[in-house]
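Colleague: Structure for this input, please:
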Amino acid sequence: MNIHNQPYTHTYTPYIIICNMEQSYHVLHSDKLPYFETVFRGKEDVLIEKEMEGFKQAVESENKNELMLNVFESLTSTKESLFRVIEGLEGEKDEYFVKEMVSVESELKLVEESRVLILEEARLISKLAIEVETKVDKYKELRRKEKRELENSLISLTEENRDINNLFRVALLEKEGLEKRIKGHDHKRIPLLQFAELGLQKVGFGFMRGSANSNSNEQSTDTTSEANISDSSSECELEVISLASTVERIMKNLRLEITQLRRSLEESRSDTERLQCLTEKQTKEIEDNKLYIKELEDRERIMAQNIEEFLIEIKEAEEEIARWKEACELEVKAGKKEVEERDKMMATLKQELQKTKGALDISNGKLKLKEELAMTAIAAQEAAERSLQLADSRGVELRRHIEELTRQLEEAEKRERNNSHKVRRICWPWQVFRLSSSNIADSRIGNTKRMLPEMQSFLH
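Modeller: Now for the predicted structure:
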């Protein structure tokens, strides 16, 4: 049994050497494991971050869709309200904007993106708001013009009424004075037109003096010529008619001039108001531009400061990069040296591994030979044991058979002794061939002495 176990103790040693070599190789390359672990962890973190970003984007897109839906609803409501305002201002729908709205809706049906839809809706609403603003301005301007025209017409009517009342008063006063003069001076008749002219000059129509004087002179010459020809009654009637016509003509001219002056005044007022609005808008724009310029200056100053800080940081970063570059180059050189040393060690280890593999193959061959010898020895031992067992069994049977024969012989001898008193000769030397257990053991020992020493060692 000791010989059987001995080869296995010799075969374990090469495996132990190989395991130790592999462990040393793994120890040499164990510093790469943290790098791979960090790389895999980084990839896992990147995948997890991508999944989280995907979930966040989905949630944000849902929120944005809800917000865009609310915005679109509010925009549609404002659009409808603006259309109602335009209809209320004009009293009927604007065909241009209705056509544009239909075209935009037909375009929006083709577009599926909500952003484009909202942008188009906002563009339409901005146009509607601008149109509403212009319509409201036009409506306000029309109302102002109507109000001014009504005020001007009211003022002109009141002034005309006042002028007419004044003229009637003056005419009545001049008529009364003329009647008194005619009663006092029957031989000298003064034309009525001169008295009317004097009355008009008293009222304030002096700028028409030239035309009135020329007309009055012509009419006075005519009347004097006619006075010589016709009667006093006809002259008075003609003078009254001419006076009324001249007064009416003068009043019409004055009214036209007054209306023209008022229109020019209203236009100048509207122009001044527009100019005032423009000046106010421009002043507001100037103030806003000033504030914007100040904000831009502040931003420029802040940006200059930030740029200076960024330049300083960039310089520091460049210096750090140079330092890190030098350190990395040194580390790369050291790493290359270590890699070369490890390659050399790997080459030597491979050579040793090949040598150990060759020794292992030789030892395995020897081990196989020893195992075969052991198997043959064991088989021979088993065959010897079987032969011994067969010999023992045969010896036992022979001993039993001999004992039976001896017993039968003794019985026969007893019978013969009883039958005859003769002494007979012993024919069978049973004592010489008598076998016992001691003789069998001695025969075994002899047989073992006849075996080879190797067989005896296997048996023991």
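Colleague: State the number of residues packed around Asp343.
Modeller: 10 (other Cβ atoms under 10 Å). In this view, the C-beta of every residue, glycine as well, is placed from N, C-alpha and C.
Colleague: which helices and strands sit right next to the helix or strand hosting it?
Modeller: Per DSSP states H and E, Asp343 falls inside helix 232-419. Applying 3 or more Cβ pairs under 8 Å, 6 or more residues apart in numbering; DSSP states H and E, one finds that helix 232-419 contacts helix 2-28, helix 114-184, helix 192-203, helix 209-229, helix 437-450, helix 453-459.
Colleague: Where does pLDDT dip in this structure?
Modeller: Along the chain, segments meeting pLDDT under 70 span 1-41, 44, 65, 68, 88-118, 171, 175, 178-179, 181-244, 420-460.
Colleague: okay, now the domains of it?
Modeller: 147-276, 363-459 (automatic domain parsing).
Colleague: Can you check the distance spanned by the first one, start to finish?
Modeller: When the termini of domain 147-276 are compared using Cα to Cα, to the nearest Å, they are 20 Å apart.
Colleague: Could you give me the buried positions within stretch 383-398?
Modeller: Within stretch 383-398, the residues that count as buried by 16 or more other Cβ atoms under 10 Å are 384, 395.
Colleague: Extract the C-alpha set from that stretch and format it as CSV.
Modeller: Extracted in CSV, the C-alpha atoms of stretch 383-398 (Å, rounded to 0.1, in the frame of the first residue of the first chain):
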residue,chain,number,x,y,z
ALA,A,383,-4.1,-14.5,-8.9
ALA,A,384,-1.7,-15.9,-6.3
GLU,A,385,-4.3,-15.4,-3.6
ARG,A,386,-6.9,-17.1,-5.7
SER,A,387,-4.6,-20.0,-6.4
LEU,A,388,-3.7,-20.3,-2.7
GLN,A,389,-7.4,-20.2,-1.9
LEU,A,390,-8.1,-23.0,-4.4
ALA,A,391,-5.1,-25.0,-3.0
ASP,A,392,-6.4,-24.5,0.5
SER,A,393,-9.9,-25.5,-0.5
ARG,A,394,-8.5,-28.6,-2.3
GLY,A,395,-6.3,-29.5,0.7
VAL,A,396,-9.3,-29.2,3.0
GLU,A,397,-11.3,-31.5,0.8
LEU,A,398,-8.4,-34.0,0.5
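Colleague: For the remainder of this discussion, apply numbering that starts at 48.
Modeller: Noted, 48 is the first residue going forward, which turns the last one into stretch 430-445.
Colleague: Return the angle between stretch directions for the helix or strand hosting Gly101 and helix 161-231.
Modeller: Here Gly101 sits within helix 79-137, counting by DSSP H and E. Taking axes from the mean of the first three to the mean of the last three Cα atoms, to 10 degrees, one finds that helix 79-137 is oriented at 30 degrees with respect to helix 161-231.
Colleague: tell me what helix 79-137 is packed against?
Modeller: Counting contacts by 3+ Cβ pairs under 8 Å, 6+ apart, helix 79-137 is packed against helix 161-231.
Colleague: Let me know the angle separating the helix it packs on from helix 279-466.
Modeller: Going by the same axes, to 10 degrees, helix 161-231 makes 170 degrees with helix 279-466.
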